[in-house]
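1. Model the structure of this input:
(chains A and B)
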Amino acid sequence: MLQDTVWLISVILMAAIAAVFLWVAAAAGQKADTETVQHRAYRLRARWFWLLVAVIAVATATTLRALPYPDRAPQAASRVILRATGAQWAWTIEGPDLVVGKPVEFQVTSTDVNHGFGIYNPAMEMVAQTQAMPGYVNRLQHTFAVPGTYHILCLEYCGLVHHQMMTDLIVKPN
Amino acid sequence: MSIPSSVVAAGTAREVSPGIYPGVVAYIAIAGVVLLLMMLVGVVLRLAQAEWLPVPPDVFYEMMTAHGAGMVAIAGLAGAGIMWHFLSRHVRLNRGILITNLVSFLAGVMMILAAIFLGGFGGGWTFLYPLPATSGGAWEPGAAALYLGGLLVVGVGFLLFYLDAGRAIVAEYGTLGAALGWPILFGRPQARLPEPTVVASTMVTIVNTLGLVSGATVLAVSLINLATPSFVIDPLLAKNMIYFFGHVFINATIYMTVIALYEILPGYTGREWKASKPFLWGWTASTLMVLIAYPHHLLMDFVMPKWALILGQVASYTAGLPVLVVTAYGALTLVYRSGIRWDAASALLFLSMFGWAAGIVPAIVDATIMVNLVMHNTMWVPGHFHFYLLLGMTAMVFGFMYFLGRDGDSGESALDRVAVWVFAVGGLGFALIFLYSGKEGVPRRWAVHLPGWVAYDRLASLFALAVMAAVAVFTLRFLLRAPRLLAAR
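-> Numbering: from 1, shown residues only, chains lettered A, B, ... in the order given. Predicted coordinates:
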């Protein structure tokens, strides 16, 4: 899962930052000439800056390749269309049966307030989401890889019964 | 009063902190007390999710609304107090406006508390249109109006505060651009070099004025909608305006409190923290980035223009650069082999820089569109902002409290030292569990958790209790010193 990868990356980077702070704190009690320290630090800073720029450039180029936003053009007939409507505090999902491997488009909206349409797989790992907003239709495209009972959870706070706004979605084997 | 030797080497502590206006003491004392109370509310929320404390869902969501609104507002007040304290040394600020903002803040908070705990308003601090008017029968429009009105009163007070800061800066430096050092950056190296405090205050003045105008506008139209339901607004436009305001305001709190580092740490290390060209570039970049990064809150609104969402990701990535290259790096350079003497103030300020720098990592991760698809509105989100607000922003506030207190009484006990460690470890554990829960897909803002998630909530509750105990020590220490601070003046 993507979540595991980003967790690992985050922990490693945060640990690296913590290590630098601990190292500086450990050496802070000794005294060195300020000008010498600053001269070396400023020289290193230029390299640090360009290293970060390079990392950001690579991360941007890599991650922007996989955007979840659909094209404006109408979808091909091969895509299964489902209409998902949120209303305090239930989901209504209309459309044909879902099968593994078949591209799906959820057309998500709301009749009252903002809701969040979050799809969780049978192991309760989130696989995709979009917002459900009154007056707008968000088109979420997804292809289910495994059959089973998926769960739809509301992911935008929508009032006092928000946490009960759940429903199931069956994905059949192909 | 005894002064650490390293501070004497750089000048006396009194030179670092020559005088304290009672209004600032009031800001910081109120900030300490409200932070503690709001933490208590937060602990109750986690205990409820942990199934250790029975809290009905309606009460949970009311408390969640109070926790969000209260924390954002008090972070703003603490930041404003720190900014005013140091900026008033460089420009002529109006004391009447400082007090007006405080009075306005307290009046607004009373309205908000009445709306929540008497009126039953539980629409979340973000008052996402049209939820305040569409409660499903949970609260009356009058309660929603009182809440929105309270936020508006608080916001107008802050707007006056920043307009006065802008006026005073322009009176001293000629233009806001000059106070950001633009003449030096753009061909006039002999121009007046603004002090770091002035640069930071100018940035915050610019972004918060724009943010507050946006917030006040959407609050006003939401109030009209409550009074006249036939008057409707575009929910997507309202969402943009709310998140622009919220994003800018909460970010600005840390850009205000960091002034404490610029002003206090040099006194401990005997090293100057001057504005340089990279510093000025960094702050100009931050001004722009904070303003344009807000679409990262709308990455799951697929109907938004695609360019705006991509801009949200890219601006969020680059917004981290000035922090990591200028301020965090500058703090590390200042402290490295400086002979610094550690006390509660210097330790908390150093910790705060770690909290801000490390908190950028999960923030950037969440602003990545493909990650946001599976992380948005999970516990990862409160995980990242608790990381840099708790371990960053509030650590700066508590460091400032100890610094102010030290002027009147240098005594620190083992309890203070233990409290700093407990705060650091507790805060880290608390934020990491939030992040881990987010990785596991646990949604944020759920009053009742599924059985598989409760173990995380229990562990988080223990860390949260530890943090609260430490903050109680910080706040109590400051409150005990406050009368002497005022008398010493």
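2. Helices of the stretch 151-300 of chain B, start to end?
-> With helices called from DSSP state H, counting those that start in this stretch, the stretch 151-300 of chain B shows them at B:176-179, B:182-185, B:196-227, B:235-257, B:259-269, B:277-292.
3. scratch that, chain A is what I was asking about
-> A:2-27, A:34-63 (DSSP state H).
4. Correct me if wrong: residue A:4 contacts residue B:441.
-> No: using CB atoms under 8 Å, residue A:4 makes no contact with residue B:441, being 11.4 Å away. (Each C-beta comes from the backbone N, C-alpha and C, glycine too.)
5. who has more neighbours, those two?
-> residue B:441 (25 against 11; other CB atoms under 10 Å in any protein chain shown).
6. Name the nearest residue to the more buried one, ignoring sequence neighbours.
-> Of all residues not flanking residue B:441 in the chain, residue A:126 sits nearest, at 4.3 Å (CB to CB, 6 or more residues apart in numbering or on different chains).
7. Tell me which residue lies nearest the centroid of chain B.
-> Geometric centre of chain B, nearest residue: residue B:253, 3.6 Å, by CA atoms, centre = their mean.
8. hang on, the earlier thing: return the residues in contact with the residue nearest to residue B:441.
-> By CB atoms under 8 Å, 6 or more residues apart in numbering or on different chains, the residues touching residue A:126 are A:3, A:118, A:119, A:120, B:374, B:375, B:378, B:441.
9. Most neighbours among those, which one?
-> residue B:375 (28 neighbours).
10. Identify whichever of the helices of the stretch 151-300 of chain B lies nearest to residue B:391.
-> With CB to CB, the closest approach to residue B:391 among the helices of the stretch 151-300 of chain B belongs to helix B:235-257: 11.0 Å.
11. How many neighbouring residues does residue B:488 have?
-> So residue B:488, with other CB under 10 Å, has 13 neighbours.
12. for residue B:442, same thing?
-> The number of residues near residue B:442, taken as other CB under 10 Å, comes to 22.
13. From residue B:399, how far out is it?
-> Computed as CB to CB, to the nearest Å, the residue B:442 to residue B:399 distance reads 32 Å.
14. what's the domain layout of chain A?
-> A:2-63, A:80-172 (automatic domain parsing).
15. Throw the ones you listed into JSON lines and include mean pLDDT and distance to residue B:65, thanks.
-> Formatted as JSON lines, those follow (pLDDT from 0 to 100; distance: least, CB to CB, whole Å):
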{"stretch": "domain A:2-63", "mean pLDDT": "94", "distance to residue B:65": "28"}
{"stretch": "domain A:80-172", "mean pLDDT": "96", "distance to residue B:65": "9"}
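16. Kindly compare burial across the ones you listed and name the winner.
-> domain A:80-172 (a mean of 19; mean count of other CB atoms under 10 Å in any protein chain shown).
17. related to what we said a few turns ago, okay if I get the helices of chain A as CSV plus distance to chain B?
-> Putting the helices of chain A into CSV (distance: least, CB to the nearest CB, whole Å) gives the following:
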stretch, distance to chain B
helix A:2-27, 4
helix A:34-63, 4
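18. Helices along the stretch 351-489 of chain B, start to end?
-> With DSSP H, counting those that start in this stretch as the criterion, the stretch 351-489 of chain B has helices at B:369-375, B:380-388, B:395-408, B:414-439, B:454-488.
19. weakest of those in terms of mean pLDDT?
-> Lowest mean pLDDT within the helices of the stretch 351-489 of chain B: helix B:395-408, a mean of 87.
20. right, is that one up against chain A?
-> No: shown here: helix B:395-408 not in contact with chain A (CB under 8 Å from any CB of the partner chain), separated by at least 12.4 Å.
21. Could you pull up the residues touching residue 133?
-> All of this is about chain A. Contacts of residue A:133 (CB under 8 Å, 6+ apart): A:109, A:110, A:114, B:235, B:236, B:239, B:301, B:303.
22. switch to chain B, that's the one I care about
-> Counted by CB under 8 Å, 6+ apart, residue B:133 has contacts B:141, B:144, B:222, B:225, B:226, B:229.
23. who wins for most neighbours among the residues you listed?
-> Result: residue B:222 is most packed of the contacts of residue B:133 (other CB under 10 Å), 27 neighbours.
24. Next one: that one relative to residue B:243, how far apart?
-> 14 Å.
25. again with residue B:56
-> Following CB to CB, the distance that separates residue B:56 from residue B:243 is 29 Å.
26. So for the two, which residue has more residues nearby?
-> residue B:243 (21 against 12).
27. Contact partners for the closest residue to that one other than its chain neighbours?
-> Leaving out its chain neighbours, the residue that sits closest to residue B:243 by CB to CB, 6+ apart is residue B:297, at 4.0 Å. Residues near residue B:297 by CB under 8 Å, 6+ apart: B:243, B:246, B:247, B:312.
28. Tell me, what's the model's pLDDT at residue B:297?
-> 97.
29. Need the helices of chain A in CSV (columns: distance to residue B:114).
-> Converted to CSV, those look like this (distance: least, CB to CB, whole Å):
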stretch, distance to residue B:114
helix A:2-27, 41
helix A:34-63, 45
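30. Can you turn the buried subset of the contacts of residue B:297 into a selection I can paste into ChimeraX?
-> Buried subset of these, written as a ChimeraX selection, criterion 16 or more other CB atoms under 10 Å in any protein chain shown:
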select /B:243,246,247,312
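31. out of the contacts of residue B:297, which one sits closest to residue A:136?
-> residue B:243 (15.6 Å).
32. List the contacts of the closest one.
-> B:126, B:294, B:297, B:298.
33. between those residues, which has the most around it?
-> Busiest of the contacts of residue B:243 [other CB under 10 Å] is residue B:294, holding 25 neighbours.
34. wouldn't that one be in contact with residue B:248 here?
-> Yes: Residue B:294 is within contact range of residue B:248, at 6.8 Å (criterion: CB under 8 Å).
35. Which residue lies closest in space to residue B:279, excluding its sequence neighbours?
-> residue B:326 (5.5 Å).
36. Show me what the residue nearest to residue B:441 bridges to in the sheet.
-> residue A:120 (DSSP bridges).
37. Residue A:107 now?
-> Under the criterion used (DSSP bridges), residue A:107 bridges to residue A:83, residue A:139.
38. Now do it against residue A:92, distance only.
-> 12 Å.
39. can you list the residues of the stretch 51-200 of chain B near chain A?
-> B:57-58, B:61, B:122-124, B:126, B:128, B:130-131, B:134-136, B:138.
40. hmm, 6 Å instead?
-> By the criterion of CB under 6 Å from any CB of the partner chain, the positions of the stretch 51-200 of chain B lying close to chain A are B:57, B:58, B:61, B:124, B:128, B:130, B:131, B:134, B:135, B:136, B:138.
41. Weed out the non-buried ones from those residues.
-> Looks like these have B:57, B:58, B:61, B:124, B:128, B:130, B:131, B:134, B:135, B:138 buried, using 16+ other CB under 10 Å.
42. Would you quantify the distance from residue A:156 to residue B:295?
-> Taken as CB to CB, the span from residue A:156 to residue B:295 is 16 Å.
43. same question, residue B:249
-> 16 Å.
44. Likewise for residue B:62?
-> 30 Å.
45. do the same with residue B:172
-> For residue B:172 relative to residue B:295 (CB to CB), the value is 35 Å.
46. Need the three-state assignment for residue B:92.
-> Recorded secondary structure, residue B:92: coil (DSSP: H, G, I helix; E, B strand; the rest coil).
47. how near is it to chain A?
-> Residue B:92 is 33 Å from chain A, where distance means CB to the nearest CB, to the nearest Å.
48. nearest spatial neighbour of that residue, skipping sequence neighbours?
-> Using CB to CB, 6+ apart, the closest residue to residue B:92 is residue B:168 (5.5 Å).
49. Likewise for residue B:332?
-> Using CB to CB, 6+ apart, the nearest residue to residue B:332 is residue A:24, at 4.9 Å.
50. where does residue B:6 land on pLDDT?
-> So, for residue B:6, pLDDT stands at 33.
51. do the one 4 residues further on as well
-> Confidence at residue B:10, expressed as pLDDT, is 35.
52. which one of the contacts of residue A:133 sits closest to residue A:56?
-> The closest of those, once distances to residue A:56 are taken by CB to CB, is residue B:301, at 24.2 Å.
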